Structures are given as C-alpha cells and as structure tokens.
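In: Sequence and predicted structure are below.
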There are 2 protein chains.
Amino acid sequence: MSESSRVLNPILRQRLMSAAEAAALIRPGDNVGMSGFTGSGHPKAVPSALARQIEHAHRCGERFKVGVWTGASTAPELDAALAQVDGIELRLPYQSDPVCRERINAGRMEYLDIHLSHVAQFVWSGFLGHLDVAVVEVAGILEDGRLIPAASIGNNKTWLDQADRIILEVNGALHPGLEGMHDIYYGTNLPPQRQPIPLTRPDDRIGEPYFRCDLDKVVAVVETHGPDRDTRFTPPDEASRRIAGHIIDFLQHEVKKGRLPRELLPLQSGVGNIANAVMAGLQDAPFENLTAYTEVLQDGMLALLRSGKLRSASATALSLSSDALKEFQRDLDFYRSRIVLRPQEISNHPELVRRLGVIAMNGMIEADIYGNVNSTHVLGTRIMNGIGGSGDFARNAWLSIFMTPSTAKNGAISCIVPMASHVDHTEHDVQVLVTEQGLADLRGLSPKQRSHAVIENCAHPDFKPLLRDYVRRALEGGSGRHTPHLLREAFDWHLQVQAGGRMGDPKTRTA
Amino acid sequence: MSESSRVLNPILRQRLMSAAEAAALIRPGDNVGMSGFTGSGHPKAVPSALARQIEHAHRCGERFKVGVWTGASTAPELDAALAQVDGIELRLPYQSDPVCRERINAGRMEYLDIHLSHVAQFVWSGFLGHLDVAVVEVAGILEDGRLIPAASIGNNKTWLDQADRIILEVNGALHPGLEGMHDIYYGTNLPPQRQPIPLTRPDDRIGEPYFRCDLDKVVAVVETHGPDRDTRFTPPDEASRRIAGHIIDFLQHEVKKGRLPRELLPLQSGVGNIANAVMAGLQDAPFENLTAYTEVLQDGMLALLRSGKLRSASATALSLSSDALKEFQRDLDFYRSRIVLRPQEISNHPELVRRLGVIAMNGMIEADIYGNVNSTHVLGTRIMNGIGGSGDFARNAWLSIFMTPSTAKNGAISCIVPMASHVDHTEHDVQVLVTEQGLADLRGLSPKQRSHAVIENCAHPDFKPLLRDYVRRALEGGSGRHTPHLLREAFDWHLQVQAGGRMGDPKTRTA
C-alpha cells in the first residue's frame, strides 16, 4: 500500500474517500479554489467526478454551477470536463482550454481575466466573494499534517488558508523527490500590516517547504495516480529562431553598452513555443551564470539548467513535456538544488519583479504601431487565453519585451496593426517589440518615432507599405499629431479578417 | 544681503552669476533635467533666459533645441517659454502646458509620456540617453554644500546625481521653514544590487532632509525671488460634490463590510478640481486618522491636515493656491510635523504603493463600458497632459478608482464610450469607475457584467439607451461575446465630435 503511505497524518487517513464521494461535498453555487498552473499540479480526479455530478443534476433539471478559481491554466480533466457540462458559472484568473474558450466566447460562461499576482490579494481582501472549497493536489501529507506541494504552487496557499472546506488529492504518481523544492512564504499580510518581502536574489529561500493546513477544515482526502499535462513543444521553427536571435543580439548590445551586467538580470519567460525557442537560443549565446525569476519553468529552461548556462530558476510551476519530465526525475537532486517553486503571489510580485530588475519576455497576439500590445483578444471581442502574468512582469520589469511572428494565418493577418483591437499592455509599459523581421527598441521614443521603429523593424514586408501609408495619412488628416490615427479606418484590417478575408487590400499589397 | 545668506557654502558663492550667464552654459542638443512638479519647485529664471538665447540663436539661423526632462508639469516661465521659441526637441515625462500641448499636437515637438515612477530608473539605466545639465531650484545651500530642497522634489536627486553640469537656482522667496520637511532616500540602486525599501508606514522617514551634491559639477548658482505657480481651484461644483459623495459612500460601505480598516488605507489623490473636491468631501465624512501616500499635496489635503482628519501626508510636491500657501506658511511647524516630501521614485514606487495598500483616486478623460480608461488622449490622437503617476498608483493599488463627470462640452461628449480611443489603464487595472451619476464597482465582474454596471451606474441618462443598444447589438452581431464590440462603429461617437458634432445621433438620443 505504497500509495497510502503518502498520507502519514492519522486524522487525515480517516478522511480518505473516493473522488465521487469527495466531489459530492461540493455544492451548487460554491466558489472552488483548485490547484493547477500551466497544466501541472491540478487535481486529477475530483473535477471530473464533479463534472459527472453536475451533468446528472442538469439531467434532473437542477441548476448546478460553481465558480472555478485556479492558479492559471489546468488540463482537460478539469477545465474541459467542467465546461463541457456547463458547470462553470465564472472562471478566473486564466485559462487556455479550447472548450472553456468556446463557452466564454459564446457568452455562456463568465470569465475574469486577472493579473496572476492580484488573485491572492483579491481573495484575502474579499473582493471576489467567499471561497467555499479548496481542491488541492499535493505530493504527500506529513505526520503532523503539513502538506508536500505538487509540481505547481499557484494560489494553493491562499486556497488552503481561505476556504471553508478542503479536499486534498494526494497524487502517488508524483516523484517523492519534489519534497524540499518549494518555498512557501507565510509573511504576507493585509495592509496596513505589510512588511518588506525579504527576497533580494532570485534563488533566496524565504519560507517553508510545506503548506500549513488546518486539519479541521479537511473534509476529504482522495488518492490519485495521474500524470500532469504533457506540455509538448514544437521544435523551434525558423521564425522562432530568428526572434530568439534578435533578442539575444539585443541583450548582447545592452551588455556592451553597460546597461546590463554580463550575467544579465533575472529572466522571465512567458509560456509557449516562442518563449521556449528563446531559451533554446540562449543555450548557444555568450552568457553565463544566468538566473531566472519567472512564472513557469518549461523544457527550454530545464535544458539551460542542465547545461549550466542557467545557475538557478525561481517559478511557481513546472510545465514540462513528458521527455523533459523524465530527465527532471532522473536527476531530481540536481534540479532541486537549482529550482525554487513559490506561490504565484511571490513569483509574480510587483515588489520583487521591480527590485530584481527582471527582463520580461512575453508573447502577444498583436501590437500596434505605437507599441500598445494585445495579449488576450482576437478581433477585439474573443478571448484567446488571458493576460496571465505578462502584466505582472512587464509593468514592473527592468526591460519589457513582447514578441510574435509578424504574421499569422499564412500571412492573412499582420500582427503589427494600425491600432490594437484590445490593449493589455499600454504604450507606457512596452519597451521592446520583436518579430522574426527584427527588433524595435522603443525606449526614449515618442509615439511618432515609435511608429517608424515598429513598422520598419517589425512589420512583415507585405504590410509595411500599408502601415507607412496609414501613418502618413493620419499625420495629414487626423485630428492630432501626437499619436496620429484615422479612427474611421483604425480597425479596417480586423473587419476584413472578420469578414473572412485578409488584412489590407490585396491589390494595394501587391502594388 | 539677505538673499546671499542662503548660499552658505563658500565655493558655491564664487559661482553666483546671473540667469543669462547661467543659461549660456546650456548648449544646443543638451538634455536638461529641470526641477519642478505640478507648478512648484521649478527654476524661475534660467529657463526663460535660455528661451531668450534660443530665440536669438534661431534668429541668427542657428539650430538650438534641448531635451527638457522634469518631475512633472511646471509653469509658463519654463514650459511655455521654451515651447514658444520652439526650443524643446523632446519633453518628458509629463506636461500640462497649453503651448507645449499645441506644439506636441501639431507635430512640432516630441513628447514621451512616461510613468513618473519610471523616470529615475530609466535615467540611471541609460535608457533615455545622457543627462547633460541639471537646473534645480533649492531653498538654500548649507555651508558644507548640501542643498535644502524647494517645494517639490520630483527627480531632483537623480538630476543632481546624473548630470555632468549643475545649475542651482536659490529662491529667496521660499519659506525657510521648508527645511526639514524633505526625506531624500539614498538607498536606491541598480539591479542586481537593490534592497527592500525600508518604508512601512506613509509617514516613515527613511532618508535625509538634504540633497547631496558634488560641488565640482556646479557650474552656476543663480539667486531668484519668485513664487511657485498659483494653483487655484474652483469651488467644488455639483458634479464634483456628487462624485465625492459616491466615493465616500463606497468607502464607508467597504469599512462596514470589513474590507477596509476604519481609518481607511493611505489615500492617493490625483491633481485637479475633482480630486480636490473629494478631499473637501472627506472633511465631513465619518473617517478619522486618515493618512495620505500621494504625489501632490493640494489645497484640499492641506485643509484635511488642518482639521485633523488627516494625520499625515507623504508626497513629492506641494501644489497650492496662493491662499493655501499663506495658511501653510503661517503655521509651517504644524505642517512640517505632518508632511513628508520625497523623491517621486519613492512617492510613486510600485513596491511601496503595493505594500501600503494605497487607495488610488485619479481623474480620466473617458472610460469605456468594459472599464478601460483613457487618461491622456482626446479623440485618440491629441495629447491632453499625460499619464503622470496615475498608472504608478492604479496598477499597484489596493483599490484603483477613476472618476470624471459623465459628460463634457455641455453634454456633447459622453465620458462613457463604447470603446476608449486610447487606453492608459486596462480593464485589468481598473476596479471602480465614478461619475456624478453613480459608482460602478467592477471587482469580480466579467466584461459583460462590467458593461452593465458601467452603463447603468455611470453613464449620463442621455447616452444610456445608445450604450445599451450598442452592447445588445454587439452581443448579437459581433464576432465574440466575451468583450462584445462592433469594430465598425466603435469610434463613431469620436468621429462625430471630430466632425464638430455631438456624440450619438441626436434623433435617436431623444427617442
């Protein structure tokens, strides 16, 4: 009974039950704080069991929906399972699930797209209403009831502290060597009692390796044995490699100019293939002793740790492919000495991002010629995923870099547009834009100067003439010349795509 | 010779000269860091003398422009004087001068609209280029060469530290009692050497009352005797009083719900008549022992200190009417024990704003139905003033509140629009919107829910039906229902104003 041996606390052993029994303790209208961040550390069994109960209730004509709060994205057995049965009243603070996305954009599910660093504070302050239940995956339960966190921490500390009732999933498939990798900081507080957070280096440990847990609140313990999401990456394509190349050239230039130390400053890297490609690019770049202060540790960063390029990494979640997970487990002692996993309120905390001087590198959907960035919406109306931690990092970073291929949908869409159809990062917060075409350094540039830098360096050649023409005509015919725009046609490109066409007039484009 | 007695350092006494002689030390192409924040503490003589020299150079066919960096807005004798002679190549980080505004919007002057907390970091990091000259007003020079700051601090510490050459204006008109009111923190650093800033209460003193100054860099000392800008306020009108009333009701509600302590949390209040009206409203509100952690101390806050409602106030500048200034000077000892003036990198620092849990209250130009706020642009293209510190506070605040009358231009313009024509504060950073119509608490609401709250609570009755209709049609005919929009007509109202008309179709409006 090797599974049970992970529940060492005798009181909690008495609360072992099936996922279905545990799910039955969740009631219609409950707000449920679930573990899970970028496909790791989410509960593997209770959400699906809950979905079945919701489906049953709906079949009986009963209303059954819950609020689902997480760290960030989870996996199909949580988000898709619950969305599929229309079981989610409101979802926050981030999702990337196709079923959820479809429900949200169909207007059938409410979604709050929140800065990841804000969630804990909002819940502690009561701004989001009451948290009824926590469903949290752990790697084990100590004899005294403290909990060994799983492969992500996210908001789990807050869920455990704030929920009335706690359901624990103890996942026997998790490597026991995770124990000791986590650093749970218990020094946060509500104002006016807040103190400085005593972290001055990315790898500082300022907390404890375990969650504290009020055992009286634990209503169920469920044993599971399931893997985290297999977060696979495509091998870096040509565009990603070129984006990575431009960023690395830029960082080298900054070192040469004395604006960055030789070992750079702590790196934050967003989620996805391009971010992963940038990490791959750093493998061959002339930097040593790098550090990371980021949200998610992906394959690329793991490889940098392996090679020694990266000295240490701080994150709130691992998000690995199954191959990388094997490598991680094969040499867990090596990685545990180099990785610190923290609550997301600490991994993304404005105080720390600013103090450490983080270099923030995040993907985007589109940017406009003035450097306003859209990270969340397609055509201004449809949510893609959410802002995640990009704002936490970009807003308080030493350097905020946003990147995307210059086009999408086989060239039908320009990712550099006259006006962003939704703004998640304002001109005030965006310093560098990068596409495979090149890099626009916007520091110290006025809007007009920025439009020149963005068009000439980042836009795809197919769209450059049209963008130049837009600026020229806006300067001539617009109402003001600080941020020249033609409001009449600012979204024409988006409307063309909405109508099933390509951005820009094809005849003009080929002229 | 009572004036000269303010220059106690013997070396600097030898560098006394006229404003014209000092201005002659500024060269074409120089970047000049000038003191000045919200019309106080700006140099009174050298900028005008410089303007005359620039005008002369231009008449001789020579090119003469400089970069003008300040704390925030200044006064006509600086901004208008230099803009009038086309002497400013680039202006940052904030201005509110009509002549500057006209030049910027005509495309004749470059303007960088930067978060005020970012400026010092950007200059230290070299992101904005080299700072050649500092022109800084002080209240006096000690025998050992340290400087007594004037009525604002702004970026002066950074200018003095970073500039190659320093010109000091010693203003004999400043009350000697200012000495000791300032707190200059010398613990900032570049990453990776940054440490926690040891401030945990709004009135903590963590620095020194004087600027340090490398005397070798001082090329000129100029004696002046001029007043700060007389920042007059209109008595609160009905709309302002109602806005203040809604905010005070809301804060009382938050106290009752246990989400705010009885003495609230440190208040930040933007600049202008409405902000001042909110302060006036607090005079009669049932709160005691309030504190302020803000950027500018205006008349309203001074009155709150006088009455004892406000226990202490931290700011980077005084910005008073001449009447309030008299009251301030009449009882300077009283105010000095309750006011701390700090560098703007500290008054607006994200670390501190977050730690203290600031309640941020700022004005805006317009908000859209989803809670995106435009603080800077008219009709998407013309700069009004700039973002100032509103982003510093709103982004890291405990509560971020934005306020405006619901209409402008005698009802021709709705300040609640379908889509903001420029976004300075995104949906992720805006929690509460207030107009004289009412208050929309956006916390915990999805975009669709926000649109309902904003329209029903904040929009003027003349525009409500049109806004409701927009959302209804966007839900039916738009491409997505997360943030319903009709991109084809999102800016129709702005275009109507641009064409000289009123927002919305008058026939429909009266239907």
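Out: Noted; the coordinates are in hand.

In: Where does the prediction get shaky in the stretch 101-250 of chain A?
Out: Within the stretch 101-250 of chain A, not a single segment meets pLDDT under 70.

In: so where do the helices sit in it?
Out: A:118-124, A:156-162, A:238-256 (DSSP state H, counting those that start in this stretch).

In: and the last one, how far from the chain's centre?
Out: Looking back up the chat, that one is helix A:238-256. Distance, stretch centre to chain centre, for helix A:238-256: 23 Å (CA atoms, centre = their mean, to the nearest Å).

In: and that helix, which residues are buried?
Out: Counting neighbours by 16 or more other CB atoms under 10 Å in any protein chain shown, one finds that the buried residues in helix A:238-256 are A:239-248, A:250-251, A:254-255. Every C-beta, even on glycine, is put in place using the N, C-alpha and C of the backbone.

In: And the next helix or strand past it?
Out: strand A:267-269 (DSSP states H and E).

In: just checking, what packs against that next one?
Out: Counting contacts by 3 or more CB pairs under 8 Å, 6 or more residues apart in numbering or on different chains; DSSP states H and E, strand A:267-269 is packed against helix A:273-283, strand A:290-293, strand A:359-363.

In: which residues of chain A score low on pLDDT?
Out: Ranges of chain A meeting pLDDT under 70: A:1-4, A:505-511.

In: now check the helix or strand that contains A:Ser314, is it near chain B?
Out: Using DSSP H and E, A:Ser314 sits in strand A:310-315. No - if you take CB under 8 Å from any CB of the partner chain as the test, strand A:310-315 misses chain B, and the best it gets is 12.1 Å.

In: Go ahead and name everything in contact with the helix or strand that that strand is followed by.
Out: Of the helices and strands lying after strand A:310-315 in sequence (DSSP H and E), the nearest is strand A:317-318. Under the contact criterion CB atoms under 8 Å, 6 or more residues apart in numbering or on different chains, strand A:317-318 has outside partners A:37-38, A:40-41, A:71-72, A:151-154, A:228, A:295-297, A:325, A:328, A:339, A:341.

In: circling back to that earlier point, mean neighbour count, the helices and strands packed on strand A:267-269: which tops it?
Out: Most buried of the helices and strands packed on strand A:267-269, by mean neighbour count (mean count of other CB atoms under 10 Å in any protein chain shown): strand A:359-363, with a mean of 27.

In: Next, the angle helix A:238-256 makes with that strand.
Out: 160 degrees (axes from the mean of the first three to the mean of the last three CA atoms, to 10 degrees).

In: Might you name the residue of the stretch 101-250 of chain A sitting closest to chain B?
Out: Chain B sits closest to A:Pro191 of the stretch 101-250 of chain A, with a gap of 2.6 Å, by CB to the nearest CB.

In: For A:Asp333, list the residues it contacts.
Out: A:Gly177.

In: For A:Leu12, pull up the helix or strand it's in.
Out: helix A:10-13.

In: what's that helix packed up against?
Out: Packed next to helix A:10-13, using 3+ CB pairs under 8 Å, 6+ apart, are strand A:218-224.

In: which helices and strands does the strand or helix carrying A:Leu475 pack with?
Out: Per DSSP H and E, A:Leu475 falls inside helix A:464-477. For helix A:464-477, the elements it packs on are helix A:447-458, helix A:506-510, judged by 3+ CB pairs under 8 Å, 6+ apart.

In: Which ones among the contacts of strand A:317-318 map onto strands?
Out: Among the contacts of strand A:317-318, the members falling in strands (DSSP state E) are A:Val296, A:Leu297, A:Ile339, A:Leu341.

In: what's the farthest-apart pair in those?
Out: The largest separation in those, counting by CB to CB, is between A:Val296 and A:Ile339 at 11.8 Å.

In: got any residues that touch both of the two?
Out: A:Ala315, A:Leu318.

In: Looking at the two, which has the bigger crowd around it?
Out: A:Val296 (29 against 24; other CB atoms under 10 Å in any protein chain shown).

In: how near is the more buried one to chain B?
Out: Going from A:Val296 to chain B by CB to the nearest CB, to the nearest Å gives 19 Å.

In: ok, that residue - contacts?
Out: A:Phe37, A:Thr38, A:Ser269, A:Val271, A:Ala315, A:Thr316, A:Ala317, A:Leu318, A:Ser319.

In: neighbour-wise, which of the residues you listed leads?
Out: A:Phe37 (33 neighbours).

In: Quick check: that residue touching A:Pro343?
Out: No - assessed by CB atoms under 8 Å, A:Phe37 is found out of contact with A:Pro343, at 10.2 Å.

In: Now do the shared contacts for those two.
Out: In contact with both A:Phe37 and A:Pro343: A:Ile153, A:Gly154, A:Thr316, using CB under 8 Å, 6+ apart.

In: Can you get me a residue count around A:Ile88?
Out: Neighbour number of A:Ile88 under other CB under 10 Å is 26.

In: cool, and A:Arg52?
Out: 15.

In: Check which helices and strands the helix or strand harbouring it sits against.
Out: Taking DSSP H and E as the criterion, A:Arg52 maps to helix A:46-59. Under the contact definition 3+ CB pairs under 8 Å, 6+ apart, helix A:46-59 sits against helix A:19-23, helix A:81-84.

In: Highest mean neighbour count out of the ones you listed?
Out: helix A:81-84 (a mean of 24).

In: Just confirm yes or no for that one near chain B.
Out: No - contact between helix A:81-84 and chain B is absent, the nearest approach being 13.7 Å (criterion: CB under 8 Å from any CB).

In: with the ones in strands among the contacts of strand A:317-318 in mind, which one is nearest to A:Leu199?
Out: Distances from A:Leu199 to the ones in strands among the contacts of strand A:317-318, taken by CB to CB, are shortest for A:Leu341, at 13.9 Å.

In: So the closest one sits against A:Thr316, correct?
Out: Yes - with contact defined as CB under 8 Å, A:Leu341 counts as touching A:Thr316 (6.2 Å).

In: Just give the nearest non-adjacent residue to the residue nearest to the spatial centre of chain A, would you?
Out: The residue lying closest to the centre of chain A (CA atoms, centre = their mean) is A:Gly388, at 4.2 Å. Nearest-residue entry for A:Gly388: A:Tyr94, 4.9 Å, with adjacent residues in sequence omitted and distances by CB to CB, 6 or more residues apart in numbering or on different chains.

In: and the gap between that neighbour and chain B?
Out: Where chain B is concerned, A:Tyr94 sits at a distance of 11 Å (CB to the nearest CB).

In: cool, A:Arg338 as well?
Out: 18 Å.

In: Might one say that that residue is in contact with A:Leu305?
Out: Yes - counting by CB under 8 Å, A:Arg338 touches A:Leu305, with 5.2 Å between them.

In: out of the two, which sits in the busier spot?
Out: Using other CB under 10 Å as the criterion, A:Arg338 and A:Leu305 rank with A:Leu305 on top: 22 against 18.

In: one step back: name the SS class of the residue nearest to the centre of chain A, please.
Out: Following DSSP: H, G, I helix; E, B strand; the rest coil, we place A:Gly388 in the coil state.
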